[in-house]
Each structure stands twice: as structure tokens, then as C-alpha cells.
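Novice: This is the structure alone, sequence omitted:
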């Protein structure tokens, strides 16, 4: 099977943006085409990762709008939704379009416009992905995070401060990311004294509500060099689903879909966890970074917190995680997040990550929908 | 490139259903797995075509819910939205998943729950796909249909009655479709005297608001026989996009995305319009059947109306169109419609269409999003 190359990448400023979803998508799309030096007229497929433009803005059909705004007609367009992992699902869809031979050049743009809603309104739209029975009992995603964090700390004798240290690390990384929503360091005390949201988790354990977009341009590896010498390859990718009803899971501290999807990705790439040099994990809540770092095989179950305590996942550690600042400090515009993870890894693999640069030849991204309801794992490598 | 086989198909009763989107999707999904004799545990990909469960029901994440309801965990799940052509886009996505080698067995379920909304509310959700400037001026999809019909009748000297005859033909076909929403014949007088909706189009020129779902099961052609002897193949498929702003199109009577997408599909299948024995066209409005029958090359531009007048597209004509009853009498649950088109052609190619049966070895479906904003054309053949 021929591998799929990423020949261009972009992301916009994340944060509170005075722009609607159409404008955000066009901004990242144009920047990505510029990055690769490709004309929109050469695109044959244009995919959009977006969860809820209809609910957030009353605007649907955004892929068609984007084709219009970029001048990419008559490229085939489609929206991919997998809730908060729509970006990763878009990467898988774009990969399939190229690997199947349907497309020679697919542009993927992921984005979401959210900050015009109150946090409660946005949280409620996101919570519409939960099972109606759990939703009715007030179990939004932050509630699940609180319950799971409590269980994890108890089960593995982890100190509450270890969760705070995820936020501290990712904020520190975010300082050097010009696209990040928050570019300021926080200390453990600030996290531990911030308002309780879902006990034991506090405000600084949560990612913010964010506007933003990101884009990637895909082609068959054999055709990449005709566009650019600066490209990376998707060597492995896989997706999996966990129970819709969260309380049906055997062990709430094991993120099953991350286990399954990473196995698929490792198999395709013929790689093992030990081969990964840098990773972007979906730290929508601090606890999720522990769960994923264990589920994808970086650390033994219940040991992810120790890696953070010991600095293993710091930028100068053995396995840097979330060099971009993660969702925690970079922000989490749902449809964009998975695409922006790959943007960061693309820059790291190409040596273009500036102050955030680490030594990396093989990289992994884990993008999570719902509360682990669906997960995409992607392995990217230097060409 | 290996072809992709369809080894199972189902559709539910279309109409006003006392069931929510989750139940409708599960009903079609289970029936399709039963049709093929396949266990849900054997699925590796599960795709859902749906435009607006979030807007219509406040429920998102329906693919994850469906994986739960079918017992298909940990199959990869994803939602495909391309507005009213979400079903056709789902077929293309499923085709890509199998053709790329990502999946050996993909179940696609398309569905929509709409009738709990008023016609005005449902029309408004659909109209959210239009360009904001046209939307602001009240240009919903029915308005575009009225304007285009007036232009077509003027340009090609077509009698108003020719449009009515599309409705008459498709209602006649729908009588023999047990899944159709309307199973009663109408005559030209009834259509011509029904209330005006968007002059010159009247109530019977429009498809209804509908609940329903449909499903297809895909695998590589080389593996089809291990499941069943009753399968068909997708020999060609293509998609294309037209302007988001409808008034920017050079000639409103030419459906550009249907021209482009059908060329792609014919090329992949190594077929020509003359090879097609039966077709399902997206007759959301009667005028659209004329436009598509010309755009995909069945008839010269401006001559589609003559074919209907002369009975060419009747069930006993040279090129039967919408033997299922079309969207007009079968109904149009957005995400299901494109999937249900393929369901009808699958039955026709297998000789399982009962009273609707025509003589067919090669079939074509044209599924339209928005007002021709995006179109998927699929060519299916006997194995």
C-alpha cells in the first residue's frame, strides 16, 4: 500500500476570533495552499472537519461554502463529523480518499466557531453527543472527567498535584506557540487553587472554549516531491469506538478506543510505542493525558502520572507530549483540534517548530471524540 | 483498482415514523446485516449519513450511538454530511474505506428524523445550507426550484404539464413500493390544481418531509462470494461541487455538478450514458428530474421534458427513471435518500424488485445536495 504524504499545513490563531466559521475555514485553507504552493484549482477533494456549525451558527453546507471561498470548484466536498475528534476523522477520511485512488490532492480543513456562545451553551451542544440517559442526569463531559479523575487518583495512588503538573507543562509549552490561545505559564499552586468545576478537577484542568481552524494537504507519497521537498508521511492510522454509555465501560481508567485505534495505527506503520519520539494527546481535561499516554502504550497502566512527575513528557524529556501546548493552552476548536495536532507534528518532523523543537523522526497523535467514545490515532514520520 | 461490492441492503418504511433517529438507524442497520447474514462484530467501519440530527433532535454523536445499538464495538464510526446528498457522500466514503484497504467490511446507514418539525421549521434547517445573502432574501430551496422551473419552461418551450407528468410517473411507481411514503396515483389535473408553492411549481411538484433510513454493506469484490451470491458492484463513482451562491451560475438550467460527477463516474466505470438501463435521480422537485436527466447525458439539454412526455422514462420505457417512486412519492429523509436510491438499484440489478422490476444490468444514481451545490453520481452493475 502506498503511503500518503502531507505536503502542506497551516493553523490560524486560536482563541476568541472575530470571524465566522466560513472565514476561519477559508483562512486556514488559503494558508495551507500557500504553504504547499498549490493552486485551489488543482484540488480534487476538499474535506471539512466540523462538529456543529449548524448548532453554533445556523450555517450548514460549509464545505460547499469553502469550495466557493477558496475558488476550488468543482472539487468534491464533504463534511466529516466525529464530535471532538472530527479533525482526526478528517485525517482518516483524507487518507482514505488518497489511498483509494479517488483523489490525487485532498485539502482537509478543520474548524469551529464557539466563543460567541456562553460556556454553558457550548458545553450543552457538546453534551448532546452523550447518551440521553446519562445526559438527563447532568453528565456532561466535564462531569465524566471529574468522576474518572477521582477514580484514577484513588486506584493508582496518584497525587492530585500530578494532574496539575499536566496543566503546568502544557501551559509552559504554549508560551512558545504563537497560535496558542493562552501563552502564559501557570504554577501548581494556581491550578490547585482555581475554582472547582467537577471535583477533584478545577478550572485549570480544563481546556478553554475556542475559535480556530487548521488545514493539511495530502497526496500520494510518490507525487509529493513534485510539489515540495518539505513533506511528511502518514505511516499508520486507525480509529475505534467505545461504549456510548460511559458507565458501561469495565474500567473507567482504561480508554479502550485509544488502545484499539493505536494498535491499528502501530500495525499499519510497523511501529511500536518505543519508536515514538513526540506525541500530541487530546488533553481536553488533564486526566485524559494520563489515560491516553497509557492506552497508546507509552507507559504501564496507572503509571502515566509518574512520567509527568518525573519530567519524562517535558520538552527536554525522553518523550515530549503536547509540545504545542495541547488543547489545554492552545485551545480546542472541536473540528480543528485533530488537524492542529498533526500540524504541530508536521512542524516537529520537518524541524520547523522553532522554540518548541524537539528531536523527532516518528510522531503520534491521539484525537478523542466524546469521553473516549471514538478515537483516531495517527502515526506520522519524516519522509 | 479492485471494485467494491454491495453485499447487503435495506430500507425502512419511509413516512411519518414514531421513532427517533437512533431507532431508525438501528432498524435499517440490523435489517442490512440480516440481509447479508453478517454479524455486527465483523464490521470494522460503520458510517452514518445524516445531515442534521443535532438541529432536528438535539442528539449528536449518532454513529457512536449506532455502534452501541447494533453491538458493533469497537468498529470505527464516523458521520458524513453533505446536506441532502449525505447518502451519496456516504456511499463514496464507504467506497473509499474499502478501496483504500482501510476496511474489509463497511456498513453505511443513512437516515433522518424530520416529521416532528413543521414543514416551515424543516425547510428552514435545510435552507441553512444556502449562502447567507440568498438566505436573507428568502431564497429557500423551493424558491430556487420555482425560479429554475420558470426559466426552463421558457427556454425550451416545455409545457407546464410536462413537470406534472414527472409527479404522475413517480407516484405511479411508488404504488408498487411497499416502503414508499405515498402509495397512490395522482393525475395531471390533480398536480396542476394543487396549491402554488413557488410559482409555477405546486404542492405536487415537491417531495414531502419524511422520516426513514436505509443501509448498505460494502466489501472488496474479491471477498463478496464468501458472504453471498447476491451482490452488486459499484463500478464508478464521482462527486463534484457547484457554486454556493446559486445566482452565480452561468446557466441555471444546467446542473454543473451533475455533469462533472457523472463524467467522473462514467470514466471510472468505463461506461457511457447509453449503457445505463435504469436510474434513480434526485427528484426533490419535479424540475430536478429534467435537469439531471440532461446533465448525466441521457438526453440533450432542454430535451429531458420530451422523454417524460413520450414515456421513455416510464417503467416500460427505454430508460426507466425512479422506479422506486423517487423522492417524490417515496419520501426524502435527507441522509437516507442517497442510500435508498442505491437500495432500489441493488434490487433492480438482482431481479428482486417485484412489481417494479425492469430489465437492467447497469444502473445509475444521482444524489443532489442543496440546489445542485454538490452531487454524487454512482454507477452500479450486476456482478
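Specialist: Yes, it's here. Here the structure is a predicted model, which is why all the values come from computation and not from measurement.

Novice: is chain B contacted by stretch A:43-60?
Specialist: Yes: applying CB under 8 Å from any CB of the partner chain, one finds stretch A:43-60 in contact with chain B at A:46, A:51-52, A:54-55, A:58-60. From N, CA and C alone the C-beta is placed, and that goes for glycine too.

Novice: List buried residues within the residues you listed.
Specialist: A:46, A:51-52, A:54-55, A:59-60 (16 or more other CB atoms under 10 Å in any protein chain shown).

Novice: quick one: which of those sit in strands?
Specialist: Members of those lying in strands (criterion: DSSP state E): residue A:46.

Novice: In a markdown table, list the buried ones among the residues of stretch A:43-60 next to chain B along with distance to residue A:206.
Specialist: Formatted as a markdown table, those follow (distance: CB to CB, whole Å):
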| residue | distance to residue A:206 |
| --- | --- |
| A:46 | 33 |
| A:51 | 18 |
| A:52 | 19 |
| A:54 | 25 |
| A:55 | 21 |
| A:59 | 27 |
| A:60 | 29 |
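
Novice: Which pair of the buried ones among the residues of stretch A:43-60 next to chain B spans the longest distance?
Specialist: Distance extremes for these: the farthest pair is A:46 and A:55 at 22.3 Å, using CB to CB.

Novice: helix/strand/coil for residue A:18?
Specialist: At residue A:18 the chain is in coil, as set by DSSP: H, G, I helix; E, B strand; the rest coil.

Novice: do residue A:213 as well
Specialist: strand.

Novice: Excluding covalently adjacent residues, which one is nearest to it?
Specialist: Excluding the flanking residues, the one nearest residue A:213 by CB to CB, 6 or more residues apart in numbering or on different chains is residue A:111, at 3.1 Å.

Novice: which SSE is the one you found in?
Specialist: strand A:106-112 (DSSP states H and E).

Novice: packing partners for that strand?
Specialist: Packing partners of strand A:106-112 (3 or more CB pairs under 8 Å, 6 or more residues apart in numbering or on different chains; DSSP states H and E): helix A:21-36, strand A:45-49, helix A:86-99, strand A:212-220, helix A:334-350.

Novice: Show me the strands in chain A, by range?
Specialist: A:4-11, A:45-49, A:76-81, A:106-112, A:196-198, A:201-202, A:212-220, A:232-241, A:278-281, A:362-369, A:374-382.

Novice: Ok, which of the ones you listed comes nearest residue B:322?
Specialist: Residue B:322 lies closest, by CB to CB, to one member of those: strand A:76-81, at 24.4 Å.

Novice: Mind giving me the packing neighbours of the closest one?
Specialist: Looks like strand A:76-81 contacts strand A:45-49, helix A:62-70, helix A:86-99, strand B:76-81, helix B:86-99, strand B:232-241, strand B:374-382 (3+ CB pairs under 8 Å, 6+ apart).

Novice: now the helices and strands packed on strand A:106-112 in TSV, with mean pLDDT and distance to residue B:74?
Specialist: As requested, the helices and strands packed on strand A:106-112 are arranged in TSV below (pLDDT from 0 to 100; distance: least, CB to CB, whole Å):
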stretch	mean pLDDT	distance to residue B:74
helix A:21-36	98	31
strand A:45-49	98	21
helix A:86-99	98	15
strand A:212-220	98	25
helix A:334-350	98	18
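
Novice: which residue sits closest to the residue nearest the centre of chain A, ignoring its sequence neighbours?
Specialist: Nearest to the geometric centre of chain A sits residue A:338, at 2.9 Å (CA atoms, centre = their mean). Spatial nearest neighbour of residue A:338, chain neighbours left out: residue A:87 (2.4 Å); criterion: CB to CB, 6+ apart.

Novice: OK, contacts around that neighbour?
Specialist: Neighbouring residues of residue A:87 by CB atoms under 8 Å, 6 or more residues apart in numbering or on different chains: A:49, A:110, A:214, A:334-342, A:367.

Novice: just curious, which of these is nearest to residue A:233?
Specialist: For those, the nearest to residue A:233 is residue A:342 (11.7 Å; CB to CB).

Novice: Hmm, that closest one is touching residue A:217, no?
Specialist: No: if you go by CB atoms under 8 Å, residue A:342 and residue A:217 don't touch, sitting 11.2 Å apart.

Novice: circling back: quick check: the residue nearest to residue A:213 touching residue A:25?
Specialist: Yes: if you go by CB under 8 Å, residue A:111 and residue A:25 touch, sitting 4.8 Å apart.

Novice: Neighbour count for the two, which is higher?
Specialist: The residue with more neighbours, out of residue A:111 and residue A:25, is residue A:111; 38 against 33, by other CB atoms under 10 Å in any protein chain shown.

Novice: Could you tell me how far the more buried one is located from chain B?
Specialist: Distance, residue A:111 to chain B, by CB to the nearest CB, to the nearest Å: 15 Å.

Novice: again with residue A:288
Specialist: Distance from residue A:288 to chain B, by CB to the nearest CB: 17 Å.

Novice: What residue, apart from its backbone neighbours, is nearest that residue spatially?
Specialist: Using CB to CB, 6+ apart, the closest residue to residue A:288 is residue A:282 (5.9 Å).

Novice: Could you do residue A:27 as well?
Specialist: Looking at residue A:27 with CB to CB, 6+ apart, the closest residue is residue A:12, at 5.1 Å.

Novice: can you count the residues close to residue A:79?
Specialist: 29.

Novice: Which pLDDT value belongs to the closest residue to it other than its chain neighbours?
Specialist: In this structure, residue A:79 finds its nearest non-sequential neighbour in residue B:81, 4.2 Å apart by CB to CB, 6+ apart. At residue B:81, the pLDDT value in this model is 97.

Novice: Likewise for residue A:171?
Specialist: 98.

Novice: who touches the residue in the stretch 101-250 of chain A positioned nearest to chain B in this structure?
Specialist: With CB to the nearest CB, the shortest gap between the stretch 101-250 of chain A and chain B falls at residue A:129, namely 3.2 Å. Applying CB under 8 Å, 6+ apart to residue A:129 gives the contacts A:83, A:369-370, A:373, B:60-61, B:64.

Novice: Export those as CSV, with columns for distance to residue B:232.
Specialist: CSV is the format used below for these (distance: CB to CB, whole Å):
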residue, distance to residue B:232
A:83, 33
A:369, 33
A:370, 35
A:373, 33
B:60, 33
B:61, 31
B:64, 29
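
Novice: between these, which is closest to residue B:303?
Specialist: For these, the closest approach to residue B:303 (CB to CB) belongs to residue B:60, at 44.5 Å.

Novice: Now do the same contact list for that closest one.
Specialist: Counting by CB under 8 Å, 6+ apart, residue B:60 touches A:51-52, A:55, A:81, A:83, A:125, A:128-129, B:53-54.

Novice: Go through stretch A:270-278 and flag the buried ones.
Specialist: By 16+ other CB under 10 Å, the buried positions in stretch A:270-278 come out as A:271, A:276-278.

Novice: What is the nearest of the residues you listed to residue A:290?
Specialist: Checking those against residue A:290 by CB to CB gives residue A:276 as the nearest, at 16.6 Å.

Novice: My understanding was that that closest one contacts residue A:361; is that so?
Specialist: No: look at residue A:276 against residue A:361 with CB under 8 Å: they stay out of range, at 9.7 Å.

Novice: which residues sit against the helix-or-strand element of chain A with minimal mean pLDDT?
Specialist: Within chain A, confidence by mean pLDDT, DSSP states H and E is lowest for helix A:132-136 among all helices and strands, at a mean of 87. The contact list for helix A:132-136 (CB under 8 Å, 6+ apart) reads A:127-128, A:245-247, B:59.

Novice: any weak-confidence spans in chain A?
Specialist: Counting by pLDDT under 70, chain A shows no low-confidence range.

Novice: hang on, the earlier thing: of the helices and strands packed on strand A:76-81, give the one that comes closest to residue A:228.
Specialist: helix A:86-99 (15.7 Å).
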